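Novice: Structure for the following, please:
(one chain, ligands or ions: 1)
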Amino acid sequence: MKVLIAGGGVGGTATALALRRAGIDAVVYEAHAAGGDDAGAFLTVMANGMAALETIGAARAVIEASYPATAVSVEDAGGRQLGNRPIEGIARTLTRAALYRALQEVARERGVPVVHGKRLVDAAVDGGVEVRFADGERASGDVLVGADGVHSVTRRLIDPDGPAPRYTGERVVYGYADGNPGDGEPEAYRMVFGSRAFFGFTVPGDGRTWWFTRIRGEAQPAATDWREMALAAAGDDATPAAAIIRATRDEEVVGGNSYDIPSTPRWHGERMVLVGDAAHAASPAAAQGASMALEDAVELASALAAHAEPAEAFAAYEAVRRPRTEEMVAASARMSGGQARS
Ligand SMILES: Cc1cc2nc3c(=O)[nH]c(=O)nc-3n(C[C@H](O)[C@H](O)[C@H](O)COP(=O)(O)OP(=O)(O)OC[C@H]3O[C@@H](n4cnc5c(N)ncnc54)[C@H](O)[C@@H]3O)c2cc1C
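Specialist: Numbering: from 1, shown residues only. Presented below is the predicted three-dimensional model:
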């Protein structure tokens, strides 16, 4: 069997590695010209995601590219601590770009092809599957895995009437401040329920403070001054948020609107199937998106190894993954501050 994978992010590269372990050939086609240049955001791979990485033999590479996340403390807008708890199991913080790079490097070492500059635009199913890229080139295989993220083309090919991603009602801003102006503990997250926004930061050990803030309101254009917006949302709360944002250079800030997909009616067709955000994007609040994509990869590869008929494998995979991921997307939406808007 030959598997074509659209998307060389977390889920796509992990699926290729999981398939390789099952003895199934896969080729990853990534839209971006170079790997790992995704704008700025960082994330934490939780214990379930690390377990999936262990299964596909990529945990060491990710550990080497990341920092431990050991504890989370929570405080209110007045700076009063509301709680402090350890993070269960092994959890690791890294930039999304570093995670892409680590996975793609493992793929390269194992001889799994990752082809850049190939944006999937169409696919035709006829016994197998033939895909077409934006540059006019084509490729054919037995199965197409859509790991092409929240705005997935594969999802639309499987079901043109499927729902579009939903704006969660939150803008998310990320930044990297010089030094430790918030006096954070190494490797711990501090979360702040500010009066106007949720703010979190961690001091991973590279001489900087990594921070994010989630701000409710209308979706904003890409050209928004995200640093200014974050600073305004920090207001004059008695928390370290404003000092940390002020210690961040403009070019170290990225922001965007956050989208989720509560339920995708069709995860697969006869020869096409979705993994990761393409099937079930969550708001960032639960910090589970990457870990869920990694779990999908393991489950899909084991289903494809166990069933001769792709559609049977897809159904088995969906039966395991749909309930858990939909529950997580809903939990994350609640954590994001309530019902997201269409
Ligand atoms: C701001 C933010 C913060 C987050 N924080 C966390 C966190 O703390 N913890 C966590 O676990 N998750 C977090 N996530 C979610 C996490 O980043 C995603 O869930 C995860 O990256 C999903 O992996 P994926 O492979 O499905 O999609 P992606 O990682 O988005 O990869 C999709 C890939 O497909 C490529 N692509 C897109 N279209 C095409 C096409 N037509 N043809 C070919 N390639 C294509 C893209 O270039 C990209 O490389 C966060 C997400 C955001 C936006």
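
Novice: helix or strand for Trp210, which one?
Specialist: In this assignment (DSSP states H and E), Trp210 forms part of strand 208-216.

Novice: Who are the packing partners of that strand?
Specialist: strand 166-178, strand 198-202, helix 226-234, helix 241-246 (3 or more CB pairs under 8 Å, 6 or more residues apart in numbering; DSSP states H and E). Glycine gets a C-beta too; all of them are placed from N, C-alpha and C.

Novice: The shortest one near the ligand at all?
Specialist: Which is strand 198-202. No. Against the ligand, strand 198-202 shows no contacts by CB under 6 Å from any ligand atom, the least distance being 9.5 Å.

Novice: ok, residues contacting that strand?
Specialist: Identification of contacts with strand 198-202 by CB atoms under 8 Å, 6 or more residues apart in numbering yields 67, 69, 93, 182, 184, 187-192, 209-215, 233-234, 239-241, 244, 337.

Novice: Would you mind writing the CA trace of the strand holding Trp210 as CSV?
Specialist: Listed next in CSV are the C-alpha coordinates belonging to strand 208-216 (Å, rounded to 0.1, in the frame of the first residue of the first chain):
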residue,chain,number,x,y,z
ARG,A,208,13.6,34.7,27.6
THR,A,209,10.0,34.6,28.9
TRP,A,210,7.6,32.9,26.5
TRP,A,211,4.1,34.2,26.9
PHE,A,212,0.6,34.1,25.3
THR,A,213,-2.7,35.9,25.9
ARG,A,214,-6.2,35.1,24.9
ILE,A,215,-8.4,38.1,24.4
ARG,A,216,-12.2,37.8,23.7
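
Novice: any idea how far that strand is from the chain center?
Specialist: Centroid displacement of strand 208-216 relative to its chain, using CA atoms, centre = their mean, to the nearest Å, is 16 Å.

Novice: just stretch 214-230 next, same as before
Specialist: Between the mean C-alpha point of stretch 214-230 and the mean C-alpha point of its chain there is a distance of 20 Å (CA atoms, centre = their mean).

Novice: if you compare the helices and strands packed on strand 208-216, which one is most tucked away?
Specialist: strand 198-202 (a mean of 24; mean count of other CB atoms under 10 Å).

Novice: List the neighbouring strands of it plus their orientation.
Specialist: strand 188-193 (antiparallel), strand 208-216 (antiparallel) (DSSP bridges).

Novice: Including distance to the ligand and mean neighbour count, could those strands go into CSV?
Specialist: Shown next, in CSV, are these (distance: least, CB to the nearest ligand atom, whole Å; neighbours: other CB atoms under 10 Å):
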stretch, distance to the ligand, mean neighbour count
strand 188-193, 10, 21
strand 208-216, 7, 23
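
Novice: Rebuild the ones you listed as JSON lines, extending it with distance to Gly40.
Specialist: As requested, the strands paired with strand 198-202 are exported to JSON lines (distance: least, CB to CB, whole Å):
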{"stretch": "strand 188-193", "distance to Gly40": "18"}
{"stretch": "strand 208-216", "distance to Gly40": "10"}
